[in-house]
Structure formats: C-alpha cells, structure tokens
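S.K.: Fold the following for me, if possible:
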Amino acid sequence: MSVVAEKLRQIEIEISADKGDFNLFALIEREDSLGKWDIVVAANWVDSKRKELINNIAQKVREKLSEDEQLMLSRIVTLPASDALVRNLNLISGEPGMVKLSNNNFNGIIIKEAYLITSKSK
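M.R.: I've put the predicted structure just below:
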C-alpha cells in the first residue's frame with residue numbers, strides 16, 4: 001500500500017499547489033472497511049469547493065493509479081479542518097511528510113492502518 005500512498009502524495013502536491021494547503025491528506029483503512037481504503041482530506045478551503053475537490057482527486061486517481069490499485073479504494077472523504085479526527089491525527093504528525101500508523105482508535109473510529117501523507121494544523 002505504500003506505493004499507492006506515494007502516488008497519492010504526488011496528487012496532494014499537485015492539488016495543494018493549485019488550491020492551497022491541506023490540514024490532512026491521508027489514506028486510511030478502517031477496521032470495518034473489509035480491506036478497502038479511504039482517502040481522507042481536510043483543509044480550511046474544502047467546504048466551498050467540496051464537489052470540485054472530490055472530482056479532482058477522483059480524476060487524478062484514475063490517471064495515476066493502476067486499475068488494481070483503484071480497486072483497493074473505497075471512497076474519498078472530506079472533513080472540516082476542525083473535525084476531531086483531523087485534530088487528533090494532526091497531533092501525531094505536525095509537519096508534511098509520510099507517517100504510517102497501525103491499530104489506533106480515534107474517537108471510536110478504529111484505524112487498522114493509515115498513511116498520513118500530509119498532516120498539519122493551521
């Protein structure tokens with residue numbers, strides 16, 4: 001999965017250069033997700049551009065990930081920068097850069113594995 005996370009890092013770089021910095025850009029496998037991964041993003045500017053952002057990420061995923069890699073993904077989740085999960089993950093990694101997590105519980109959300117591609121508070 002680290003290869004997919006690296007490809008998503010390139011997507012994050014492209015989008016943040018165009019739209020602005022993310023508070024969180026992560027690849028997360030929840031315990032109840034049956035082996036599928038979520039792309040979870042948060043930024044102060046997301047609310048006003050939510051649909052555009054989801055479409056942009058989805059298009060870039062189709063361009064950069066193989067079909068098999070795409071099948072590993074479940075959904076794209078946008079959260080407000082103030083969300084409790086975002087704030088908790090920002091405590092783990094305060095700077096841009098990849099951090100891998102395993103077996104964590106954040107506010108009742110059990111994360112089997114995660115790659116924090118970018119995680120920083122603003």
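
S.K.: what sits against Gln70?
M.R.: Gln70 sits next to Val61, Arg62 when contact means C-beta atoms under 8 Å, 6 or more residues apart in numbering. Just so you know, the C-beta spots here come from the backbone N, C-alpha and C atoms, and that holds for glycine as well.

S.K.: Find me the pLDDT at it, would you?
M.R.: On the pLDDT scale, Gln70 is placed at 97.

S.K.: What separation is there between it and Ala43?
M.R.: 23 Å (C-beta to C-beta, to the nearest Å).

S.K.: Next one: the residue nearest the centre of the chain relative to Glu67, how far apart?
M.R.: Centre of the chain computed as the mean C-alpha position; nearest residue by C-alpha atoms, centre = their mean is Ala26, 2.4 Å away. Look at Ala26 and Glu67: by C-beta to C-beta, they are 23 Å apart.

S.K.: before we move on, the earlier item: report all helices and strands that the helix or strand hosting the residue nearest to the centre of the chain contacts.
M.R.: Ala26 is part of strand 24-30 when elements are defined by DSSP states H and E. The contact analysis (3 or more C-beta pairs under 8 Å, 6 or more residues apart in numbering; DSSP states H and E) places strand 24-30 against helix 2-19, strand 37-42, helix 84-92, strand 109-119.

S.K.: partners of the second one, with directions?
M.R.: Sheet pairing here is set by DSSP bridges, and for strand 37-42 it gives strand 24-30 (antiparallel), strand 73-79 (parallel).

S.K.: Name the residues that touch the first one?
M.R.: When contacts are taken as C-beta under 8 Å, 6+ apart, the neighbours of strand 24-30 outside the stretch itself are 1, 4-5, 8, 12, 16, 35-43, 79, 81, 86, 89-90, 109-119.
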